[in-house]
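Colleague: Just a sequence and a predicted model for now, questions to come.
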Amino acid sequence: MSSGHGYIDDKDAYVRRLKRIEGQARGLQRMVEDEAYCIDILTQVTAMKRALEAVSLGLLNDHMNHCVVGAARESDEAAAVKIDEAMKAISRLVKS
């Protein structure tokens, strides 16, 4: 496991995914500009949302397996801080 953030080993994959999502956002903009059928636009919004959720879950998994585990090895207090961070992040994801 490398030092730094938990996602660092998968950084290139995350960047590729985010570039695809960026392309999806541009495609959505074009669809609206071109007055595409609303259901087709909504279908693409759903696909983009799922792609963002996949990135979020991957980052959360990396955080748990790297940052939280590392903090747990450090001390109970450090682990509690990282777990609290993760729970707040999960709460934000679930609310969105």
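Modeller: Structure's in. What do you need?
Colleague: quick one, what contacts the residue most central in space within the chain?
Modeller: Nearest to the mean C-alpha position of the chain, by Cα atoms, centre = their mean, lies residue 56 at 2.0 Å. Applying Cβ atoms under 8 Å, 6 or more residues apart in numbering to residue 56 gives the contacts residue 93. (C-beta placed from N, C-alpha, C; glycine too.)
Colleague: From residue 23, how far off is it?
Modeller: Relative to residue 23, residue 56 is positioned 18 Å away (Cβ to Cβ, to the nearest Å).
Colleague: Just give me the neighbour total for the residue lying closest to residue 68 once chain neighbours are set aside.
Modeller: Among residues not flanking residue 68 along the chain, residue 82 sits closest, at 4.5 Å (Cβ to Cβ, 6 or more residues apart in numbering). Look at residue 82: counted by other Cβ atoms under 10 Å, it has 19 neighbours.
Colleague: residues in contact with residue 82?
Modeller: Residue 82 sits next to 63, 67-68, 71-72 when contact means Cβ under 8 Å, 6+ apart.
Colleague: From residue 61, how far out is it?
Modeller: 14 Å.
Colleague: Can you go through the contacts of residue 82 and name the buried ones?
Modeller: 63, 67-68, 71 (16 or more other Cβ atoms under 10 Å).
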